[in-house]
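Chemist: my questions concern the predicted model and sequence given below.
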Amino acid sequence: MPHLTVRALIALVACAITLTGSKAAFAQDSSEKTLPEKYLRISRNKENKPQSLDTAVVSFAPKSGAKNVTVDLVGAIHIGDAKYFETLDRLFEDYDIVLYEMVKPKDKPPVHGLQNGDGSPLALLQRLLPSMLDLHYQVDSIDYSAENFVHADLTPEELGEAMRKRGENGMTLFIKVVKEVLQQYQKEWASGGSLSGNVSDAQILAFLTQKEGARQLKEMLAEKLDEFGPDMGLGATLDSILIVDRNRAAMKELKNQLANHDGKKPLRIAVYYGAAHMPDMASLLTDEFGMQMRDISWVQAWDMTRTPKTSALQGLMQLLQQGQ
């Protein structure tokens, strides 16, 4: 495979994961009282070898000391082990309301899988990484039909309006995003990082063709997610549109739910959004809602000790066959 083609494929995979475990663990750490800078972490063993990629659940309560309201920020990564999503489904059963993200019409349910022969490029792209890494896609795995689930995101029309207010349209947005992503990864190549020329073509081919290579690829991508930090490498354009505008929509719905609470019994609300949204949401809860962090727990999303059932290339071929 040509030198640039192989590297371009790995860069595409890494870029895609910034946009969007085999056992899942839910571990509480009440010793942490400061807001986390990142809502993703890598758990390591004594030899510093990655064991899992975890997502945070950060609990907030009113600074006034009132105990009748709890708001938990449930950070999400949109692809994960099957047991990760099973753990989240069980967790959500304990909440009165789960505010969830998804740009869609308010009255339209989420579309699961490649339904109705949907082999469109977008549908295939959304499932590219799960197929290559032997993981599962969030929309296919979470029970969005649960009675306590409430849509708390922009509609496509509202997102379009937010773009227009910022002077963007589909073409200008695409150009800016591609430019920012390429600049991000150009810096990575130049710095000699994990996606740079220090990775040989033989190693990259092993990532794609061997089962153990697929596990190593997942480990490499987890390291990159951990490195990017709160903005997840999105760039200024995507950060403003995908993070800031949509967070305001989520907080608007949270205000509505809190206003409707009569205070007669405790109210538990979960805000289930991508981990990249959470630092800004945490600031909004403390600054605008008068809340403070109570504790933090971690849910295992990727078990990086598990060797995938197929190689990345085999998973990709199976996906393409489904789309036919």
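Modeler: Everything's here; your move.
Chemist: any idea how many residues pack against the nearest residue to Glu253 once chain neighbours are set aside?
Modeler: Sequence neighbours aside, Ala152 is the residue nearest to Glu253 in space, at 3.8 Å (criterion: CB to CB, 6 or more residues apart in numbering). For the C-beta atoms, the positions are set from N, CA and C on the backbone; glycine is no exception. Neighbours of Ala152 under the rule other CB atoms under 10 Å: 25.
Chemist: surely Ala152 touches Arg246?
Modeler: No. Look at Ala152 against Arg246 with CB atoms under 8 Å: they stay out of range, at 9.1 Å.
Chemist: what touches both of those two?
Modeler: Residues touching both Ala152 and Arg246 (CB atoms under 8 Å, 6 or more residues apart in numbering) are Glu101.
Chemist: residues near the closest residue in space to Met102 that isn't next to it in sequence, how many?
Modeler: In this structure, Met102 finds its nearest non-sequential neighbour in Asp153, 5.5 Å apart by CB to CB, 6+ apart. If you count neighbours by other CB under 10 Å, Asp153 ends up with 20.
Chemist: spit out the contact partners of Asp153.
Modeler: Counted by CB under 8 Å, 6+ apart, Asp153 has contacts 100-104, 246, 249-250.
Chemist: what about 6 Å?
Modeler: 101-103, 246, 249 (CB atoms under 6 Å, 6 or more residues apart in numbering).
Chemist: just flag the most distant two among those.
Modeler: Met102 and Ala249 (11.0 Å; CB to CB).
Chemist: low-confidence stretches in this protein?
Modeler: For the chain, the stretches flagged by pLDDT under 70 are 1-33, 111-127, 168-208, 228-241, 311-324.
Chemist: where do the helices sit along it?
Modeler: Counting by DSSP state H, the chain has helices at residues 3-19, 82-92, 121-126, 128-133, 138-141, 156-165, 170-191, 201-209, 211-228, 236-238, 246-259, 278-287, 312-322.
Chemist: burial check on Lys211, number of neighbours?
Modeler: Lys211, neighbours per other CB under 10 Å, totals 15.
Chemist: wait, it touches Lys218, no?
Modeler: No. If you go by CB atoms under 6 Å, Lys211 and Lys218 don't touch, sitting 11.2 Å apart.
Chemist: so in terms of bridging, what pairs with Gly75?
Modeler: Tyr273 (DSSP bridges).
Chemist: that one reaches Ala56, doesn't it?
Modeler: Yes. Counting by CB under 6 Å, Gly75 does reach Ala56; the two are 4.6 Å apart.
Chemist: quick one, which of those two is more surrounded?
Modeler: Gly75 (27 against 23).
Chemist: residues contacting Ala222?
Modeler: 42, 53.
Chemist: my bad, Thr307
Modeler: Contacts of Thr307 (CB under 6 Å, 6+ apart): 211-212, 215.
Chemist: repeat for Asn148
Modeler: Asn148 sits in contact with 95, 97-98, where contact means CB under 6 Å, 6+ apart.
Chemist: in strands, which of those residues fall?
Modeler: Members of the contacts of Asn148 lying in strands (criterion: DSSP state E): 97-98.
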